[in-house]
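Visitor: okay, here's the prediction I keep looking at, along with the sequence it came from:
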Amino acid sequence: MRAGDRRKTESKRSLGYRLLVLGLLLCVFVSMSGISVFAEGEEEYYEEESYEESYEEESYEEESYEEETWEEESYEEESYEEESYEEETWEEDEYSGEYYEEPETKEEEDEREEDLDKDGKPKPYIDTTKPPTLYSRSAAIYCRNTGEMVFTRNSDKRISPYSVTQLLTALLVVQRLPMSQKVIVSAEAAAQGGATMDLYEGEELTVEQLLYGMLVMSGNDAAYALGETVSGDMESFVKLMNETAANMGCRNTHFSNCNGLSNDLTENYTTAKDMMDICKVAFANETVNKIAGTIKYEMPETNISDKRVMESQNNLLTTAVQGFVSGKGGSWDEKHASVAMNYKKDGLDLIIVLFDSNEERRWTDCENLVKYAAANIQGVTVFPAGEIIGKVRVRHGAETRVDAITVSECVTYLPKAASEQLIRCEAVMNDDVTAPIREGDVVGKYQVYVANELVDEVNLVAAKGIKEGWLPSYVGISNKATLIGAGVLLLLLIIIITRIVVGIRNRRIRRLEHRARVRAMARKQLEEEQEEFNKHRGKFYR
């Protein structure tokens with residue numbers, strides 16, 4: 001083969017190889033593009049499917065909410081039939097203690113049980129960004145600071161209040177009777193059932209003692225005796241209760257007795273919203289609030305009974321739960337209970353009302369609602385912890401004054417339309433601080449006012465410890481001042497002594513100099529006389 005033909009053949013082969021490689025690269029590129037398109041298609045399909053699931057889940061929640069709303073509306077429409085049934089039951093059974101109760105739906109049962117652990121105990125409430133799951137069918141929590149209802153649940157639903165009724169009874173008693181007035185228990189009062197303080201017919205007690213028996217022991221007999229004392233008979237007192245509730249704005253409330261000893265919704269009912277209005281006034285009364293917050297009360301013997309010791313059964317007052325200052329609970333049985341509580345801590349003032357609850361679970365519901373409110377009500381930080389507010393005088397101390405600092409941060413809650421300029425603080429220092437004191441000892445209080453109303457106070461504590469001072473501290477001179485004074489006196493003494501010594505030395509020197517001058521003068525005079533004598537002695541011997 002000639003060289004030219006060989007080059008042509010090799011050129012054709014080279015071209016063929018290049019075309020083959022180019023074709024292979026093109027195939028690889030197309031294959032990769034296909035895989036990429038397929039992957040993108042899968043990703044888009046996954047995202048679209050996920051979006052559809054999310055949308056379906058949201059739709060389900062909205063449908064659930066609408067379904068719950070429909071159930072509540074249907075309950076209100078059927079309430080008349082329910083009340084008629086209750087009335088018939090009450091008349092036929094002669095108040096057997098049973099009443100018609102709307103059965104729980106499956107959703108309500110699930111909601112009540114979903115927050116229980118495997119042992120049947122409530123799970124700890126952690127996520128405060130949303131309201132807690134409540135066992136109570138009806139609930140309301142109100143913030144006195146801001147004037148807002150923080151959370152409600154079926155707050156307009158008619159419920160039997162049970163012994164929470166006694167808060168209104170106590171309020172009317174305190175407003176109309178002196179605490180020292182004597183009350184003689186009637187036969188009707190002594191015959192009251194349920195929770196009692198075991199009163200006897202003809203027993204003589206004071207209004208104050210009966211109030212403790214009613215609010216601490218939940219004594220139905222004590223409430224009855226007090227109601228009779230206020231109005232003369234129970235019918236007149238119940239009329240007064242209903243008139244007072246109406247004046248407070250309670251439009252869906254009616255009482256048939258003074259102690260809550262009824263579960264007949266045709267005669268004795270209220271709502272969480274109405275009871276909140278009653279609690280606002282009742283807990284604002286200093287006497288009612290104090291007695292309703294008593295854990296233990298010892299009552300002396302009466303003309304019939306021995307000494308009584310009353311102990312509260314309110315778990316939020318008797319346990320280590322902080323902040324609950326007073327309250328009143330009530331129950332018909334383990335599954336039908338109620339409670340109203342007053343909470344005050346760190347400047348936050350709340351009232352909680354729970355109805356149609358479980359006898360034990362109501363306490364957990366209260367705590368969880370407080371956690372939710374504390375996390376969601378916006379407050380104003382007035383001062384931080386550890387801020388120096390001033391100095392307090394320390395008697396008999398190594399130091400006569402010590403810095404008073406705030407023991408904790410203070411957050412104040414204002415109505416939404418209120419200005420922060422309404423807040424003012426005032427330091428109240430103790431005048432009996434005596435050494436020795438330790439760092440952290442309370443030496444005063446820092447009071448916070450909103451519109452001249454005291455809303456909170458924080459303890460002021462000593463910034464450091466102060467030991468007992470020396471004798472001058474008893475006249476208000478600190479050890480440091482004593483040392484400085486002693487040093488100044490010592491310095492003055494040294495100066496005085498030095499001046500005395502120098503003066504003595506100078507006087508001695510002057511005396512010696514004077515003597516030396518006298519001697520010099522005498523010597524000079526003697527020399528002059530001797531010289532004069534010598535001068536004249538020559539003349540004499542001639």
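Guide: Great, that's in hand.
Visitor: all contacts plus neighbour counts: C-alpha atoms, from now on.
Guide: OK.
Visitor: any idea of the mean pLDDT for stretch 352-369?
Guide: Stretch 352-369 shows a mean pLDDT of 91.
Visitor: can you check stretch 205-222 too?
Guide: Mean predicted confidence for stretch 205-222 is 95.
Visitor: now find how far off-centre that stretch is within its chain.
Guide: 29 Å (C-alpha atoms, centre = their mean, to the nearest Å).
Visitor: cool, and stretch 165-185?
Guide: 30 Å.
Visitor: next: stretch 144-152.
Guide: 15 Å.
Visitor: go on, stretch 486-506?
Guide: Counting by C-alpha atoms, centre = their mean, stretch 486-506 comes out at 65 Å from the chain centroid.
Visitor: equivalent analysis for stretch 286-293, please.
Guide: 18 Å.
Visitor: for that stretch, give me every contacting residue.
Guide: 167, 170-171, 174, 211-212, 215-216, 282-283, 317, 325-328 (C-alpha atoms under 8 Å, 6 or more residues apart in numbering).
Visitor: same check on stretch 512-530?
Guide: Counting by C-alpha under 8 Å, 6+ apart, no residue sits against stretch 512-530.
Visitor: output that stretch as PDB, restricted to C-alpha atoms.
Guide: C-alpha atoms of stretch 512-530 as PDB (Å, rounded to 0.1, in the frame of the first residue of the first chain):
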ATOM      1  CA  LEU A 512      24.100  76.400 127.600                       C
ATOM      2  CA  GLU A 513      24.700  79.100 125.000                       C
ATOM      3  CA  HIS A 514      23.900  81.800 127.600                       C
ATOM      4  CA  ARG A 515      26.300  80.200 130.100                       C
ATOM      5  CA  ALA A 516      28.900  80.000 127.400                       C
ATOM      6  CA  ARG A 517      28.400  83.700 126.500                       C
ATOM      7  CA  VAL A 518      28.600  84.700 130.200                       C
ATOM      8  CA  ARG A 519      31.700  82.700 130.600                       C
ATOM      9  CA  ALA A 520      33.200  84.200 127.500                       C
ATOM     10  CA  MET A 521      32.300  87.700 128.600                       C
ATOM     11  CA  ALA A 522      33.800  87.000 132.100                       C
ATOM     12  CA  ARG A 523      36.900  85.500 130.600                       C
ATOM     13  CA  LYS A 524      37.300  88.500 128.200                       C
ATOM     14  CA  GLN A 525      36.700  90.900 131.100                       C
ATOM     15  CA  LEU A 526      39.300  89.000 133.200                       C
ATOM     16  CA  GLU A 527      41.700  89.100 130.400                       C
ATOM     17  CA  GLU A 528      41.200  92.800 129.900                       C
ATOM     18  CA  GLU A 529      41.700  93.400 133.600                       C
ATOM     19  CA  GLN A 530      44.800  91.300 133.600                       C
END
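Visitor: check the offset of that stretch from the chain's centre.
Guide: 102 Å.
Visitor: picking up where we left off before, for the contacts of stretch 286-293, work out which two are farthest apart.
Guide: Greatest spacing in those, by C-alpha to C-alpha: 174 and 317 (22.3 Å).
Visitor: got a pLDDT number for residue 283?
Guide: Residue 283 is given a pLDDT of 96.
Visitor: over to residue 57?
Guide: Value listed for residue 57 in the pLDDT field: 37.
Visitor: next one: residue 75
Guide: Confidence score, pLDDT, at residue 75: 35.
Visitor: also residue 398?
Guide: 86.
Visitor: just residue 326 next, same as before
Guide: pLDDT at residue 326 comes out at 94.
Visitor: show me where the chain has its helices.
Guide: Using DSSP state H, the helices of the chain run over 3-93, 106-113, 166-176, 187-190, 207-215, 220-231, 234-247, 272-284, 286-292, 315-318, 361-376, 479-541.
Visitor: and the ones you listed, which one's lowest on average pLDDT?
Guide: Looking at the helices of the chain, the bottom one is helix 3-93 with a mean of 43.
Visitor: what about residue 493, how many neighbours?
Guide: 12 (other C-alpha atoms under 10 Å).
Visitor: what's near enough to touch it?
Guide: Applying C-alpha under 8 Å, 6+ apart, no residues qualify as near residue 493.
Visitor: please apply the same query to residue 203.
Guide: 184-185, 302-305.
Visitor: recalculate using a threshold of 10 Å.
Guide: 183-186, 190, 302-305 (C-alpha atoms under 10 Å, 6 or more residues apart in numbering).
Visitor: give me the number of residues near the closest residue to residue 285 other than its chain neighbours?
Guide: Among residues not flanking residue 285 along the chain, residue 171 sits closest, at 7.5 Å (C-alpha to C-alpha, 6 or more residues apart in numbering). Around residue 171 there are 21 other residues, counting by other C-alpha under 10 Å.
Visitor: ok, of the contacts of residue 203, which one's closest to residue 135?
Guide: Out of those, the member with the shortest distance to residue 135 (by C-alpha to C-alpha) is residue 190, at 35.0 Å.
Visitor: and that closest one, how many neighbours?
Guide: Neighbours of residue 190 using other C-alpha under 10 Å come to 21.
Visitor: hang on, it packs against residue 225?
Guide: Yes: between residue 190 and residue 225 there is a contact under C-alpha atoms under 10 Å: 8.1 Å.
Visitor: intersection of neighbour lists for these two?
Guide: With C-alpha under 10 Å, 6+ apart, residue 190 and residue 225 have common neighbours residue 199.
Visitor: quick one: contacts for the residue nearest in space to the middle of the chain?
Guide: When C-alpha atoms, centre = their mean is applied to the chain, the residue found nearest the centroid is residue 345 (2.1 Å). Taking C-alpha under 10 Å, 6+ apart, we find residue 345 in contact with 322-325, 374, 456.
Visitor: returning to that earlier point: out of the contacts of residue 203, which sit inside strands?
Guide: Judged by DSSP state E, the contacts of residue 203 include 183-184 as members of strands.
Visitor: from the contacts of residue 203, which single one is nearest residue 403?
Guide: Using C-alpha to C-alpha, these come closest to residue 403 at residue 302, 52.7 Å.
Visitor: do you know how far residue 142 is from residue 256?
Guide: From residue 142 across to residue 256, the span is 27 Å (C-alpha to C-alpha, to the nearest Å).
Visitor: what's the burial count for residue 435?
Guide: There are 19 residues near residue 435, going by other C-alpha under 10 Å.
Visitor: what about the nearest residue to residue 186 once chain neighbours are set aside, distance to residue 195?
Guide: Nearest residue to residue 186, sequence neighbours excluded (C-alpha to C-alpha, 6+ apart): residue 201, at 5.3 Å. Plainly put, residue 201 is 17 Å away from residue 195 if you go by C-alpha to C-alpha.
Visitor: cool, residue 152 as well?
Guide: Computed as C-alpha to C-alpha, the residue 152 to residue 195 distance reads 29 Å.
Visitor: got it, and residue 175?
Guide: Relative to residue 195, and taking C-alpha to C-alpha, residue 175 is found at 25 Å.
Visitor: comparing the two, which shows the higher neighbour count?
Guide: The residue with more neighbours, out of residue 175 and residue 195, is residue 195; 18 against 11, by other C-alpha under 10 Å.
Visitor: returning to what we had before: list the beta-bridge partners for the residue nearest to the centre of the chain.
Guide: For residue 345, the beta-bridge partners under DSSP bridges are residue 348.
Visitor: pLDDT wise, what is it at?
Guide: So residue 345 comes in at 88 (pLDDT).
Visitor: now do the contacts for residue 222.
Guide: Taking C-alpha under 10 Å, 6+ apart as the criterion, residue 222 is in contact with 166, 185, 189-190, 192, 195-199, 205, 207, 209-215, 258-259.
Visitor: please repeat the previous calculation with a cut-off of 8 Å.
Guide: Listed by C-alpha under 8 Å, 6+ apart, the contact partners of residue 222 are 189, 196-197, 199, 210-211, 213-214.
Visitor: what of residue 392?
Guide: Counted by C-alpha under 8 Å, 6+ apart, residue 392 has contacts 401-404, 429-431, 433, 443.
Visitor: check residue 323 too.
Guide: Applying C-alpha under 8 Å, 6+ apart, the residues contacting residue 323 are 343-345.
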